[in-house]
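A.B. asks: mind looking at a prediction? Sequence and model below.
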Amino acid sequence: MPVPQFPLNKAATQRGLSVVELLISLVIGMAVIAGSIQVVVSSKRSFMDQDEVTFIQANARYALDLMGKDIRMAGYLGCATRNSVQMANSINPTGSHFVSLHGLRGYEGEVDANSFPDDFKANVKSGTDSILIRRASETGELDVKGHNPTAAVVDIFGTHTYQDGSTLMIADASCRNVGLFQTTGFSSNKINHNTGTGFPGNCTKIIKGEFTCDDCKDDPNKAVECAGYGKATGQYGPGSKVMQFVAHAYFVGDSSVMPGMPALRRQVFNANGAPSTNSEEIALGVEDMEILYGVDSNKDGNVDQLRKASEMDLNGDGTISDAEWDQAISVQISLVFRSQMPVLGVAENKTLAGSTYNDRYMRQVVNSTIRIRNRG
């Protein structure tokens, strides 16, 4: 008997794809690939965005933390406070803004960039502000054993490593007098403060009173500005402290780590040995710094007004003095941070801290208001 023949399944007899089916398959495949590519691109962009945000935030935290600690200590004079102390600056003036017993000075980049200290003004990004902090170091104090003002020698307990030409401060045990001077000679258990030949040198061996060399050079007998200048008096007794002088200036310049990147930089005064300054990089990506100063004009301990550095002529006499800077009791800082790479999809036009930008860089403004501990 013949075996019955059944028709084969149509699919089993298919030997290829039709053109229509091939096109449909290609379209579906391309859609899947396009979706996958979009996911990859989106993930990469998200990762880059997050990486740049982390970069900005990490630099912002470090920069504000470092500046905040420095500014809070501006004008630190050991146990003395500015409102109840006589200050003797025995160092010859050089025109450098770094050496002074006054704790703070600001510079307005939009008004007079030429007013910046010579040490770094050529490296400041145009239109950005700068701030200079001066103070005594809060660590490494030396205890005074005795003082011979006629011989210009301070005996200390223990030893020290300050070299000839070092810039030091001394505060008496009563917290009523502070002196700023250069050392002359080196002895590990003594500190000399004579009128040596080093640069810039001391204009007098007296380190106690109320004077600066600049005020007294024409008339050393002035009753107010030059109290103590030129007289072999003014002893710092046991219980007094010798401290290292500290001066830091913050400004925005070019990075030395990543060429083409802006950065927050700090000009550091070298107080151990012959005076000089050097620049160090603090935080990458800082594109602008704008600073306002909180002024206590009625001496009630509260901020009455915010002023730019160029507006600190408080008495309207046409000049800005150290006494006027002493009325600033807080500092308000705005830093504009920029991403490392142009990660935005399209250029964005925005104005931050008074400056306008139009590019694909991610930017963020961080603000901080810092109260100066030693004022108000």
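C.D. replies: Nice, I can see it. Numbers count the residues shown, from 1 in each chain.
A.B. asks: just the helices in the stretch 1-150 of the chain please.
C.D. replies: With helices called from DSSP state H, counting those that start in this stretch, the stretch 1-150 of the chain shows them at 19-72.
A.B. asks: start and end of stretch 150-170, how far apart?
C.D. replies: One end of stretch 150-170 sits 16 Å from the other (Cα to Cα, to the nearest Å).
A.B. asks: repeat that for stretch 343-355.
C.D. replies: So stretch 343-355: terminal residues 20 Å apart, Cα to Cα.
A.B. asks: ok, now stretch 127-139?
C.D. replies: 35 Å.
A.B. asks: go on, stretch 280-289?
C.D. replies: Note: stretch 280-289 ends 17 Å apart using Cα to Cα.
A.B. asks: and what of stretch 88-108?
C.D. replies: 29 Å.
A.B. asks: which of the residues in that stretch are buried?
C.D. replies: Within stretch 88-108, the residues scored as buried using 16 or more other Cβ atoms under 10 Å are 88-92, 96-108. (C-beta placed from N, C-alpha, C; glycine too.)
A.B. asks: next step: the residues you listed restricted to strands.
C.D. replies: 88-89, 104-107 (DSSP state E).
A.B. asks: switch the residues you listed over to a markdown table; also include pLDDT and distance to residue 337.
C.D. replies: Output for those, formatted as a markdown table (pLDDT from 0 to 100; distance: Cβ to Cβ, whole Å):
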| residue | pLDDT | distance to residue 337 |
| --- | --- | --- |
| 88 | 94 | 42 |
| 89 | 94 | 38 |
| 104 | 94 | 24 |
| 105 | 96 | 25 |
| 106 | 96 | 21 |
| 107 | 96 | 21 |
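A.B. asks: residue contacts, residue 71?
C.D. replies: 104, 131, 133, 331, 370, 372 (Cβ atoms under 8 Å, 6 or more residues apart in numbering).
A.B. asks: do a quick rundown of the helices in the stretch 201-350 of the chain.
C.D. replies: Using DSSP H, counting those that start in this stretch, helices in the stretch 201-350 of the chain cover 213-216, 322-325.
A.B. asks: what's the least confident stretch among these?
C.D. replies: For the helices of the stretch 201-350 of the chain, mean pLDDT drops lowest on helix 213-216, to a mean of 85.
A.B. asks: contacts for that helix, please.
C.D. replies: 89-93, 202-204, 222, 225-226, 229-230.
A.B. asks: 6 Å instead, please
C.D. replies: Contacts with helix 213-216, where a contact means Cβ atoms under 6 Å, 6 or more residues apart in numbering, come from 92-93, 203, 225-226, 229.
A.B. asks: go through it and flag the buried ones.
C.D. replies: 213, 215-216.
A.B. asks: now those residues as TSV including distance to residue 268?
C.D. replies: Output for those, formatted as TSV (distance: Cβ to Cβ, whole Å):
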residue	distance to residue 268
213	24
215	27
216	29
